[in-house]
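Undergrad: how does the following fold in three dimensions:
(one chain, ligands or ions: 2)
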Amino acid sequence: MIKLIIDTDPGIDDAMAIFYAAAAPDIELLGLTTIFGNVTTPIATRNALRLLEKAGLELPVAEGAHGPLSLPPFAPSSQVHGEEGFGDIPAEDPKGVSVPEDAADFLIRMAREHRGELVLCPIGPLTNIALAIQRDPEFVNNLKRMVIMGGSLDEGGNITPHAEANIYHDPHAADVVFAAGAKLLMVGLDVTHRILCTKADFASIGAQSPELGGMLQSMSEFYLRFYETVGKFDGCSLHDPAAVIACSHPELFEVKKLPIRVSCAGETSGATLEALKGSRGETSVCLAVKAEAVKALFMARLALLP
Ligand code: RIB
Ligand code: CA
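TA: Ligands and ions are numbered 1, 2, ... in the order given. The predicted structure is shown next:
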């Protein structure tokens, strides 16, 4: 059983990842922290609270940074996730509210309280994580490990030809994280582009889990339509679920250990690049995946939900 916190910008595939974590018997979810990206940070907080309530989980949600460390704020990715983050599903206010601590302070405290046990899984831009590293030099040492959805080594980008969206939206923060010496697993486009879920797969999820799976099925319609607009007709990538699955099932991924740096300017801004050997700690970069096994786990676990 792993103790997990997800840092998230929900977001359609974020919702899939959070419901997967709620269903997985080998994951103890301790809370969520929120960040801009697919939506603004206040909408991310509202959506995170709503997902937890829907899943029947009373867990803390800590709101994070409203913009990148150095760059001006980006417009949310509403063409991918919809204005409110969940495709065509209308906005709905949760009953609960976020905790008074901000995301970075919450992460620092939880890492101290669960020293050596906490797995942190950021599935949005890395601003909150960089702030936690800057505020507490012991932060990464207190974590068991960090599993990031982001980056791309050989695959090219998805928001520019060079950059994956989560890294692109705050490259300075990502560089702080890759330099921090954490035990780091990078689940990037090299593997998430291999794990595809079709309309028929979501119909099966909705049939087996009418309430929560049905909500994901509804959201997926918007997400799949976006994929079709960019010429991808064989399904959508399970980006964020893949990272959460890697937290408890690393054996499904093949990695190469490399020092990683992030380009912070020019046309390659947001690219994750191999750094000079010895210049910083090594990241385990996922380069191959047992894609069908990851997808099967995703679908089997979601089927456990109401
Ligand atoms: O590039 C994929 C990532 O960008 C995912 O985390 C998705 O939710 C978006 O934030
Ligand atoms: Ca995300």
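Undergrad: near the residue nearest to Leu120 when sequence neighbours are not counted, how many other residues are there?
TA: Leaving aside its chain neighbours, Leu120 sits nearest to Met146 (4.8 Å; criterion: CB to CB, 6 or more residues apart in numbering). Backbone N, C-alpha and C define where each C-beta goes, glycine included. Neighbour count for Met146, taken as other CB atoms under 10 Å: 23.
Undergrad: using the three-state scheme, assign Met146.
TA: strand (DSSP: H, G, I helix; E, B strand; the rest coil).
Undergrad: also Arg261?
TA: strand.
Undergrad: check Pro137 too.
TA: coil.
Undergrad: got it, and Arg280?
TA: coil.
Undergrad: let me see the contact set for it.
TA: Phe178, Ala179, Gly181, Pro259, Ile260, Arg261 (CB atoms under 8 Å, 6 or more residues apart in numbering).
Undergrad: again with Leu29
TA: Leu29 neighbours (CB under 8 Å, 6+ apart): Leu4, Ile5, Ile6, Ile18, Ala21, Ala22, Leu57, Leu59.
Undergrad: helix or strand for the second one, which one?
TA: Put plainly, it is Ile5. strand 2-8 (DSSP states H and E).
Undergrad: output that strand as PDB, nothing but the C-alphas.
TA: Extracted as PDB, the C-alpha positions of strand 2-8 are listed here (Å, rounded to 0.1, in the frame of the first residue of the first chain):
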ATOM      1  CA  ILE A   2       1.500   3.400  -1.000                       C
ATOM      2  CA  LYS A   3       0.700   6.700   0.600                       C
ATOM      3  CA  LEU A   4       0.000   9.100  -2.300                       C
ATOM      4  CA  ILE A   5      -0.700  12.800  -2.900                       C
ATOM      5  CA  ILE A   6      -1.600  13.900  -6.400                       C
ATOM      6  CA  ASP A   7      -0.800  17.500  -7.600                       C
ATOM      7  CA  THR A   8      -3.300  18.100 -10.300                       C
END
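Undergrad: who's in contact with the nearest residue to Ala243 once chain neighbours are set aside?
TA: Spatial nearest neighbour of Ala243, chain neighbours left out: Met149 (3.6 Å); criterion: CB to CB, 6+ apart. Going by CB under 8 Å, 6+ apart, Met149 touches Ala17, Cys121, Pro122, Ile123, Asn166, Val187, Gly188, Thr192, His239, Asp240, Ala242, Ala243.
Undergrad: for burial, what's the neighbour tally of the third one?
TA: So that's Pro122. 28.
Undergrad: show me what it bridges to in the sheet.
TA: On the basis of DSSP bridges, Pro122 is bridged to Asp7.
Undergrad: quick check, it in contact with Met146.
TA: Yes: in terms of CB atoms under 8 Å, Pro122 counts as a neighbour of Met146; the distance is 7.1 Å.
Undergrad: what is in contact with those two at once?
TA: Ile129, Val177.
Undergrad: hang on, the earlier thing: and the average pLDDT for the helix or strand following the strand holding Ile5 is what?
TA: Downstream of strand 2-8, the next assigned helix or strand under DSSP H and E is helix 12-23. In this model, helix 12-23 has an average pLDDT of 98.
Undergrad: so what are the sheet partners of the helix or strand following helix 12-23 and their directions?
TA: Using DSSP H and E, the helix or strand that follows helix 12-23 towards the C-terminus is strand 27-34. Sheet pairing here is set by DSSP bridges, and for strand 27-34 it gives strand 2-8 (parallel), strand 61-62 (parallel).
Undergrad: possible to save those as CSV with mean neighbour count, distance to Val294 and mean pLDDT?
TA: Formatted as CSV, the strands paired with strand 27-34 follow (neighbours: other CB atoms under 10 Å; distance: least, CB to CB, whole Å; pLDDT from 0 to 100):
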stretch, mean neighbour count, distance to Val294, mean pLDDT
strand 2-8, 25, 17, 98
strand 61-62, 26, 27, 98
